[in-house]
Every structure is written in C-alpha cells, then in structure tokens.
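Peer 1: structure of the sequence below:
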Amino acid sequence: MLETCTFCRIADARLPAYNLLEDDLVLAFLDLHPIREGHALIVPKQHYPWFEDMPEHVAARIMSTGQRLARAMKREWGAERVAFFFTGIHVAHTHAHVVPMLHRHDVTSVRYLEDGVEEFSLPPTPEGTVLAQTADRIRAQLGEIR
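Peer 2: As a prediction, the model looks like this:
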C-alpha cells in the first residue's frame, strides 16, 4: 500500500467508497465520475501501478469480478453489452472500468467522433504492409519479454 495512493486508501478502507464486491485480492466500487449509472472500478488491494505489473492470478480475479458485475449490470439496466477496460489516466494504481453501455458511444474514443456524436467514423485502416510491420515489431518485443 502506498500512503499517498487514492485507490490504496480506498482498498484498505481509509477512504470511503460505494463498495460492490470484495475479496482477499480485489475491491469493486462505484466510480465517482461515472460514464453511465453503474460504472464501477475494480482495483487490486495490493498496489500495482500498471496492469502489466500485476501477477496473472490477480488479473484473472479482476476479470472474473468484472464478469460478475457485467451480468448484474445487464440484468439491472437491460444493457446488451458491458464495457471492460483498464486505464491509468488519473490514478497510477491498476484499475479496470466496468460500464453498462446504453449508447454506442458510451466508451468511444473521440477519434471515432470526427463526424459528430450521432455518427461513428472508424479511423482509417493502415495499409497491409504497415499493419504487417507493426505486428512484426510487437512480436519481436514479445520474444524479448517473458
């Protein structure tokens, strides 16, 4: 736990939160700045700045917790789908967002909205050679990482 980390302080109950699920590894609670009603965050109780820093068993627990929340959100809001994604924009403590999607742009990047919110413009697809080169670069890095 980091004394200055907001999510560490929530995870060990030094800051209040609207808790949804909790076990020995993770805590799920409502986001205070929700995209939609029900928008939840799932954090590991131990401090990991970035999602790639977590042990696999902790990441798996976050995923299974997200699945439980998604099922509940679908029942409550009648959402066809629920978004699940990791970010670290405001707090450098791994956290997953679980958001019931009631509109197709609930979790859309501004890049998709160049034609306005009623439209959905896919960013241009790079040429096949560019995609192949990008894939090669990532695969090369994967070979260096274990």
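Peer 1: from the chain's centroid, how far away is the strand or helix carrying residue 59?
Peer 2: Per DSSP states H and E, residue 59 falls inside helix 56-77. Remark: helix 56-77 is offset 11 Å from the chain centroid, using C-alpha atoms, centre = their mean, to the nearest Å.
Peer 1: helix, strand or coil for residue 27?
Peer 2: Assigned with DSSP: H, G, I helix; E, B strand; the rest coil, residue 27 falls in the strand class.
Peer 1: need the helices for this structure, in chain order.
Peer 2: Secondary structure of the chain (DSSP state H): helices at 6-11, 56-77, 128-144.
Peer 1: closest to residue 91 out of those helices?
Peer 2: Of all the helices of the chain, helix 6-11 sits nearest to residue 91, with 5.4 Å by C-beta to C-beta. C-betas here are computed from N, CA, C, even on glycine.
Peer 1: quick one: list the elements packing against that closest one.
Peer 2: Judged by 3 or more C-beta pairs under 8 Å, 6 or more residues apart in numbering; DSSP states H and E, helix 6-11 is in contact with strand 26-30, strand 40-44.
Peer 1: which elements pack onto the last one?
Peer 2: What that stands for is strand 40-44. Short answer (3+ C-beta pairs under 8 Å, 6+ apart): strand 40-44 packs on helix 6-11, strand 26-30, helix 56-77, strand 95-101.
Peer 1: next, the buried residues of the helix holding residue 59.
Peer 2: Neighbour counts using 16 or more other C-beta atoms under 10 Å place 58-59, 61-62, 65-66, 69-70, 72-73 of helix 56-77 among the buried residues.
Peer 1: relative orientation of it and strand 40-44 in degrees?
Peer 2: If you take axes from the mean of the first three to the mean of the last three C-alpha atoms, to 10 degrees, helix 56-77 sits at 160 degrees to strand 40-44.
Peer 1: is it possible to get TSV of the helices and strands packed on strand 40-44 that adds mean pLDDT and distance to residue 117?
Peer 2: Formatted as TSV, the helices and strands packed on strand 40-44 follow (pLDDT from 0 to 100; distance: least, C-beta to C-beta, whole Å):
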stretch	mean pLDDT	distance to residue 117
helix 6-11	96	31
strand 26-30	94	25
helix 56-77	95	20
strand 95-101	92	15
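Peer 1: since that was my last question, I'll sign off now.
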